[in-house]
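Engineer: model the following, please.
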Amino acid sequence: MTSASSASPASHETPAAFRGVFRRDALACAVYSEAAGVARIVPRAVAVPADADDLVSLVRWAAHVGAPLIPRGSGSSMGGGAIGDGVIVDLGRLGGIASVDVAARTVRVGAAVTRDALDAAARTHGLTFPVDPSSGAFATIGGMCATHAAGSRTIRHGPLRDWIVGLECVFADGTRAWLRRGMPAPEVPALARLARDVAPTIRAAAPDVLRRPGVRKDSSGYALGAFAASDDPIDLLLGSDGTLAFITAVEVRLSPVPGATALALVGFPSLETAAAAAVAMADGGASAAELLDRSFLDIAASEGSDLGLPAALDAVLLIEAEGTDAADASARMDALVATCEAHGATHRERAETPAATGRLWTLRHAASPILNRLAPRWQSLQLVEDGCVPPARFAEYVRGVRSALADAGLRGVIFGHAGDAHAHVNALVDLDDSTWRARCERLLDEVTTLIATLGGTLAGEHGDGRLRTPLLARVWPPASLARFAAVKHAFDPEGLLNPGVKVPLPGAVALGEMKVDPGLTPLPAAARAALDRVTRERRWDLHRLDLITDEA
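Structural biologist: Below is the predicted model of the structure:
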């Protein structure tokens, strides 16, 4: 299998039939060397296909010369799957929204369309796309499919795969085809190999080989369990981190816009009681149950977002209920708040106006940018930011994360989709401390052990990327890893699509070069300024080459 470090010398050629932008200069490569996660890898080149046909030309060229390709949407992914040692393929030109099929409640969109743009188009017809990560303003639909993204309302509306009815893909040999649920698989060599060589071994596997039992959200490894249940290759492509095929267009299901929603903020004297109450929200029919711990609330207050909460609260839950009308939503919320009080809640307040509702959701969605503003004194690093465990173990998980932060001597904040027993954790790292990297490695090691012990998954919704792939053997049994490798080989025999993700390369480590390391060679000034602007303004939707046009 070809690796990203052993591609043919011919990979230095430029694809002759390619109509898009193809650049190898240092500035272009530098501006694609970082994404939203912690890592930095300077690529060999950057390609921006003009359209899906152009992507086919690029992939056929890469297959001919042995050039590794790294698919990339907006670059907002945390796990390091959007950077790599190869040709970065920026899919940002694959846009377009077809007419909404109101009767079927479906719509077809290009991979580069953002979640919020898709939802806005649906809402003109009284419909919505209920999968809503907090990054929806810039998260592309193709990228969401690649990581099997989720968001606040998975607790009620289910995972992304429930809403995907079709994918248009370009496979590793340049074959382009649509896959649609309920329809025979197209005649594609990769799919024929999957059906012949791999699918029987997946169907014959024990349940604990196929999935992490009891986990509500999972984007780690390949979705063997979902594929075994559906026999549909779409379920393997979802969450595959760009390692099996390029996703160029997506057909999604839509649902009616709720008649009304109600929102409440409920406070607890301990993080553990908040975690336990959050899990109960799922059974109670909440449409969201979001956690913010005391550390985050204190930081938010220092940054001007003080909610005026009692100092005795250790954590709060932001709870949403949907109803047919305002009275129905309010009654559902009454029941949810009563459940929280039975779990020890000592504070509650209802968002009675649209402005109050918007303020609370804005605070939740602004978690990452608020933390980023602590730089340069503190760097907010997404080291263990996607763990998800069986709901009954969630209180143990958040307790264990706090203990691991303390053991590593790090500050940290815990927030996220607590109703699904899924937490995001940002470590706050002081780079003036010469032991900062060792502390990060200790935290990652301890939380990985914790997740494995609790029967959880390393990635609930952000994918494995290069951060978590080297750790999969600590969570998944060998039989699962063998099937992951077989799936990869069936789709991509030469290993040219995002090599080192999902199936680790020899010698791979979780924490390679970290972009905050003061010892790294600085990037060109124009690239550094462009990347800093994207992070500071939370403008992952900006096309990176457009940001350095004047410097090219």
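
Engineer: okay, CA-based contacts and neighbour counts for the rest of this
Structural biologist: Will do.

Engineer: show me the shaky parts of the stretch 451-552 of the chain.
Structural biologist: Scanning the stretch 451-552 of the chain for pLDDT under 70 picks out 550-552.

Engineer: so how far is Val384 from Asn372?
Structural biologist: Applying C-alpha to C-alpha, to the nearest Å, the value for Asn372 to Val384 is 16 Å.

Engineer: more crowded one of the two?
Structural biologist: Using other C-alpha atoms under 10 Å as the criterion, Asn372 and Val384 rank with Val384 on top: 24 against 18.

Engineer: that one contacts Asp445, correct?
Structural biologist: No. Counting by C-alpha atoms under 8 Å, Val384 does not reach Asp445; the two are 9.4 Å apart.

Engineer: need the residues that contact the helix or strand hosting Ala262.
Structural biologist: Assigned by DSSP states H and E, Ala262 falls within strand 260-268. Outside strand 260-268, the residues that touch it by C-alpha atoms under 8 Å, 6 or more residues apart in numbering are 274, 313-326, 329-330, 333, 337, 340, 344-351, 357.

Engineer: cool, stretch 143-158 as well?
Structural biologist: With contact meaning C-alpha under 8 Å, 6+ apart, stretch 143-158 is reached by 72-74, 111, 130-134, 159-161, 219, 237-242, 247, 282, 285-290, 416-417, 419-420, 461-464.

Engineer: so of those, which ones are in helices?
Structural biologist: Mapping those onto helices (DSSP state H) picks out 237, 282.

Engineer: mind checking which of the contacts of stretch 143-158 are buried?
Structural biologist: Neighbour-count burial (16 or more other C-alpha atoms under 10 Å) applied to the contacts of stretch 143-158 gives 72-74, 111, 130-134, 159-161, 219, 237-242, 247, 282, 285-290, 416-417, 419-420, 461-464.

Engineer: of these, which belong to strands?
Structural biologist: Judged by DSSP state E, the buried ones among the contacts of stretch 143-158 include 72, 247, 288-290, 416 as members of strands.

Engineer: and which of these is nearest Pro200?
Structural biologist: Proximity of these to Pro200 was ranked by C-alpha to C-alpha; the top entry is Ile247 with 25.2 Å.

Engineer: and stretch 204-216, how far from the chain's centre?
Structural biologist: From the chain centre to the centre of stretch 204-216 is a distance of 21 Å (C-alpha atoms, centre = their mean, to the nearest Å).

Engineer: CA atoms of it as PDB?
Structural biologist: In PDB, the C-alpha atoms belonging to stretch 204-216 read as follows (Å, rounded to 0.1, in the frame of the first residue of the first chain):
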ATOM      1  CA  ALA A 204     -20.300 -12.500  10.500                       C
ATOM      2  CA  ALA A 205     -18.600 -10.400  13.200                       C
ATOM      3  CA  ALA A 206     -19.700 -10.200  16.900                       C
ATOM      4  CA  PRO A 207     -21.600  -7.100  18.000                       C
ATOM      5  CA  ASP A 208     -18.700  -5.800  20.100                       C
ATOM      6  CA  VAL A 209     -16.500  -5.900  17.000                       C
ATOM      7  CA  LEU A 210     -19.000  -3.800  15.000                       C
ATOM      8  CA  ARG A 211     -19.800  -1.000  17.500                       C
ATOM      9  CA  ARG A 212     -19.200   0.500  20.900                       C
ATOM     10  CA  PRO A 213     -22.300  -0.900  22.800                       C
ATOM     11  CA  GLY A 214     -24.500   1.700  24.300                       C
ATOM     12  CA  VAL A 215     -22.800   4.800  22.800                       C
ATOM     13  CA  ARG A 216     -25.400   7.200  21.300                       C
END
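
Engineer: buried residues of that stretch, list them for me.
Structural biologist: Quick answer for stretch 204-216 (16+ other C-alpha under 10 Å): 205, 209-212, 215-216.

Engineer: with only the CA atoms kept, save stretch 405-423 in CSV.
Structural biologist: What follows is stretch 405-423, C-alpha atoms only, in CSV (Å, rounded to 0.1, in the frame of the first residue of the first chain):
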residue,chain,number,x,y,z
LEU,A,405,-6.7,17.6,33.9
ALA,A,406,-5.6,17.9,37.5
ASP,A,407,-3.1,15.1,37.1
ALA,A,408,-1.6,16.8,34.1
GLY,A,409,-1.5,20.2,35.9
LEU,A,410,-3.8,21.8,33.3
ARG,A,411,-6.8,24.1,33.4
GLY,A,412,-9.7,23.0,31.2
VAL,A,413,-13.3,23.5,30.4
ILE,A,414,-16.0,20.9,29.7
PHE,A,415,-19.0,21.7,27.6
GLY,A,416,-21.1,20.0,24.9
HIS,A,417,-23.9,17.6,24.1
ALA,A,418,-24.5,16.2,27.5
GLY,A,419,-27.9,14.7,26.6
ASP,A,420,-26.0,12.2,24.4
ALA,A,421,-23.3,11.6,27.1
HIS,A,422,-20.9,13.5,24.8
ALA,A,423,-18.6,16.2,26.0
